[in-house]
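> show me how the following folds:
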Amino acid sequence: MNPDIFQSADIFRDRFEQGLVNLLRTGGELGEDILVLANANFEPRIWAHLHGELRLCFARLAAGQAAAAREGRPLQGAPDDVVALRQILDHGFETLRPTELRRAGPWELQFNPLRAFRPARHGNAAVTGIRAPFETTRFHFDKPFLRREIIWQGALGGRDATLFYNKFPFADYHGLLVPDIGAHRPQFLEAADFAWLWKLARELGERMPGFGIGYNSYGAHASVNHLHFQTFLRTAPLPVEDARWSHNGGAEPYPCRCLSFDRQQAAYEFIAELHERTIAYNLILAAGKLYCLPRRKQGEIAYAPWLAALAWYEMAGGFPLADEADFARLEPAEIAVQIAAADLLGCDTLCAR
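The predicted structure follows:
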C-alpha cells in the first residue's frame, strides 16, 4: 500500500504546501528560509499564501546581513546559503513575482530568476565516464543539516525512500527522491533500481495524474553523485510528450535522439547498453512511458549564454531562464539548436529502435 501522502494528487499538494508553511514558521535556519522562498515563488498559490510572511522574514535577514557587515563578522549559515541570500537581497525581494511560463512553439519557457542562485556543485564539471565512486566528503543527501528539508520518509514500493524538497525548483511540486539514503549509492542505475523506478512511476502515475520522474545520469548534469530521482506533479504534459514527435508516432523529428518505451525489459536492455558503451543519458517517466535521451556528456557542449545546462527538464523541452529579456525573445528555432547540440554522433545503430 502506498503511504498516505501518495494517495492522491490533492493530498500530495496539500502535504507539500503544509510542509513549507511549517518550515517557515518553525525553522529559522537560513537554508530553510531560502528553500521556502524559492518553492513558494514557483507556485502562485503558495506565493499568495506566504508572501507577507516571507517579506518580513527576508527583511529580518537583510537587517542581519547589514549588521554583520557593520560588525565585520560572517553571517551564520552554510556558505552556499550565504551566497544565495546575498544574491536574493541584491536582486530585491520586492521585485520577485511568481514564476511565469510561456510557450515558444513546442517548447516551455519559464522566467525563474531564483533558480540561477543555486550552487553549481559538480553538475557542470567535465567528466570522462558515467560512473564515479560515492564520496562522503562531497555534498550528498545524507547530511544532518538537510533533515528538516525532508517532505516525507518511509517505505515506498518495498524500499526505504526519502523525499526532499528541491531547494531551487524548476518543476511543479518538485521533489528529490532518494532510495536507501544511508547506503550511499552513487548516481548509477542498477537493474534492481530501474525495476523499482519503473514500478513506482507506473503506480504513482495512475494514482496521481500528472506525476512523473526525471533522472540525470552521471555525466548528464547530475549535480549530486548520490543515487536520486527528481519528482514532479504537473497539470500539463512536458513538451517531449507531444504527439507531434516521431518517438510518439508523429511526423516531426525531435531535435536530438529520443526513444520511447512502454515495456520495462526493453527499456532496461537499452539503458544497459548505454552503460556498456559509457554513454550518458537523461530519463523522463510520465504517463506510462519512459523517454530515454542518450546524449553527449556535460563539458562536451558549448551552451548559449542563456542556457545553464541540458539536464532532464531541458532535454524534455523545458527551460528555466534567469533573464526576463531572454524569456521574452527566445524563438523555437534557437531553442531547438541547443537541444540538437547534445545529440550523440555515431550512435545510429544503437538508437535505431
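> pLDDT weak spots in this protein?
Along the chain, segments meeting pLDDT under 70 span 1-2, 120-124, 346-353.
> closest to the centroid, which residue in it?
Among the residues of the chain, the one closest to the centroid is Gln230, at 5.2 Å (C-alpha atoms, centre = their mean).
> after the host helix or strand of Trp152, which helix or strand is next? Please name it.
For Trp152, the element it lies in under DSSP states H and E is strand 150-156. Note on strand 150-156: by DSSP H and E, the next helix or strand toward the C-terminus is strand 159-165.
> that next one: which residues count as buried?
161-165 (16 or more other C-beta atoms under 10 Å). In short, each C-beta sits where N, CA and C put it, glycine included.
> how big is the angle separating the following helix or strand past it from strand 159-165?
Going down the chain from strand 159-165, the next helix or strand is strand 175-179, by DSSP H and E. Angle between the axes of strand 175-179 and strand 159-165 is 160 degrees (criterion: axes from the mean of the first three to the mean of the last three C-alpha atoms, to 10 degrees).
> Leu30 reaches Pro79, doesn't it?
No. Between Leu30 and Pro79 there is no contact under C-beta atoms under 8 Å: 10.7 Å.
> so which bits of whichever strand or helix holds Ala325 are buried?
Secondary structure from DSSP H and E places Ala325 in helix 324-329. Residues 326-327 are the ones in helix 324-329 that count as buried (16+ other C-beta under 10 Å).
> which elements pack onto that helix?
Under the contact definition 3 or more C-beta pairs under 8 Å, 6 or more residues apart in numbering; DSSP states H and E, helix 324-329 sits against strand 107-111.
> related to what we said a few turns ago, and the strand holding Trp152, what's buried?
In strand 150-156, counting by 16+ other C-beta under 10 Å, buried: 150-152, 156.
> need these in TSV with distance to Ala183, can you?
Shown next, in TSV, are the buried residues of strand 150-156 (distance: C-beta to C-beta, whole Å):
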residue	distance to Ala183
Ile150	17
Ile151	20
Trp152	19
Leu156	15
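> out of those residues, what pair is the most spread apart?
Ile150 and Leu156 (13.1 Å; C-beta to C-beta).
> okay, and the residue nearest to the centre of the chain sits in which element?
strand 229-233.
> that strand to strand 150-156, inter-axis angle?
Going by the same axes, to 10 degrees, strand 229-233 makes 110 degrees with strand 150-156.
> strand 229-233 pairs with which strands?
When pairs are called by DSSP bridges, strand 229-233 turns out to pair with strand 175-179 (antiparallel), strand 211-216 (antiparallel).
> give me the contacts around it.
Strand 229-233 is contacted from outside by 9, 12-13, 163, 166, 171-177, 197, 208, 210-216, 312, using C-beta atoms under 8 Å, 6 or more residues apart in numbering.
> helices of the chain, residue ranges please.
For the chain, the helices defined by DSSP state H cover 9-26, 30-42, 44-71, 79-91, 191-207, 264-276, 312-315, 324-329, 332-340, 348-351.
> for the longest one, name the packing helices and strands.
Secondary structure elements in contact with helix 44-71, counted by 3+ C-beta pairs under 8 Å, 6+ apart, are helix 9-26, helix 30-42, helix 79-91.
> mind checking how far it is from the chain centre?
Computed by C-alpha atoms, centre = their mean, to the nearest Å, the chain-centroid distance of helix 44-71 equals 25 Å.
> and it, which residues are buried?
For helix 44-71, by 16+ other C-beta under 10 Å, it's 46-47, 50-51, 54, 57-58, 61.
> what's the answer for stretch 309-327, then?
Neighbour counts over stretch 309-327 (16+ other C-beta under 10 Å) mark 309-322, 326-327 as buried.
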